[in-house]
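>>> got a predicted structure here, sequence first:
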Amino acid sequence: MDKHLVEILYTGYRISFLLEELEEKGIQIDFNKLDTSNWDVVVDIVGFPKDNSAEIFMDHYKNEENTNEDPFEGNSELFCRDWLFNDYYDRIDSLKKEQDIYFKNDLLKTKVRHNELEVKKVLLEHLDWLKKEYLKYNNED
């Protein structure tokens with residue numbers, strides 16, 4: 001199962017990498033109603049609850065009388081995935097990019113790429129960490 005989850009994460013990573021390249025070239029894509037977050041799918045499969053922090057925040061501020069109260073304080077139904085994603089981001093951000101330099105039509109060109117084996121190794125480490133965190137989270141209940 002881990003192999004398949006790493007492949008899902010790797011596909012999401014490649015999509016994100018491509019979108020970053022397009023954005024660097026000035027191409028903006030509107031992702032209205034298009035979810036490209038394979039990471040969330042994997043976190044769902046591991047067993048974590050959905051992140052409901054935005055809904056709780058918005059519901060709290062619909063009632064203007066609550067503006068001085070902390071919408072998250074004492075809320076037992078709150079679950080925020082930020083701490084899980086931070087680990088993913090830190091691991092991915094630490095990867096070194098490799099660059100190919102080549103000639104095409106008498107022009108010197110470059111292409112940025114990542115080492116697939118290294119990326120998958122880091123993704124597997126993150127997956128292992130997620131599973132350990134899930135066990136800790138479940139034992140707190």
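Ah, there it is.
>>> shaky segments in the protein?
Along the chain, segments meeting pLDDT under 70 span 31-36, 56-76, 140-141.
>>> one more time with 90
Scanning the chain for pLDDT under 90 picks out the ranges 1, 14-37, 51-81, 93-115, 137-141.
>>> how about the helices in it?
Counting by DSSP state H, the chain has helices at residues 2-24, 38-46, 53-62, 82-93, 116-140.
>>> buried sites along the second one?
Across helix 38-46, burial judged by 16 or more other Cβ atoms under 10 Å covers 38-40, 42-43. The C-beta positions use only the backbone N, C-alpha and C, and glycine is treated the same way.
>>> and if you look at stretch 123-135?
Buried residues in stretch 123-135, counting neighbours by 16+ other Cβ under 10 Å, are found at 123-124, 126-127, 130, 133.
>>> JSON lines for the helices of the chain, including distance to residue 105?
As requested, these are arranged in JSON lines below (distance: least, Cβ to Cβ, whole Å):
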{"stretch": "helix 2-24", "distance to residue 105": "20"}
{"stretch": "helix 38-46", "distance to residue 105": "36"}
{"stretch": "helix 53-62", "distance to residue 105": "48"}
{"stretch": "helix 82-93", "distance to residue 105": "33"}
{"stretch": "helix 116-140", "distance to residue 105": "28"}
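>>> which of those helices sits most buried?
Mean neighbour count, computed with mean count of other Cβ atoms under 10 Å, is highest for helix 38-46 among these, reaching a mean of 18.
>>> what's that one in contact with?
5, 8-9, 11-13, 15, 50, 81, 84-85, 88, 127, 130-131, 134 (Cβ atoms under 8 Å, 6 or more residues apart in numbering).
>>> hmm, try it at 7 Å
5, 8-9, 11-12, 81, 84-85, 88, 130-131, 134 (Cβ atoms under 7 Å, 6 or more residues apart in numbering).
>>> which pair in those residues spans the largest distance?
The most widely separated members of the contacts of helix 38-46, counting by Cβ to Cβ, are 11 and 134 (21.7 Å).
>>> rewinding a little: nearest to residue 110, out of the helices of the chain?
The minimum distance between residue 110 and those falls on helix 2-24, with 11.7 Å, by Cβ to Cβ.
>>> any idea of the angle the closest one forms with helix 38-46?
For helix 2-24 against helix 38-46, the angle by axes from the mean of the first three to the mean of the last three Cα atoms, to 10 degrees is 160 degrees.
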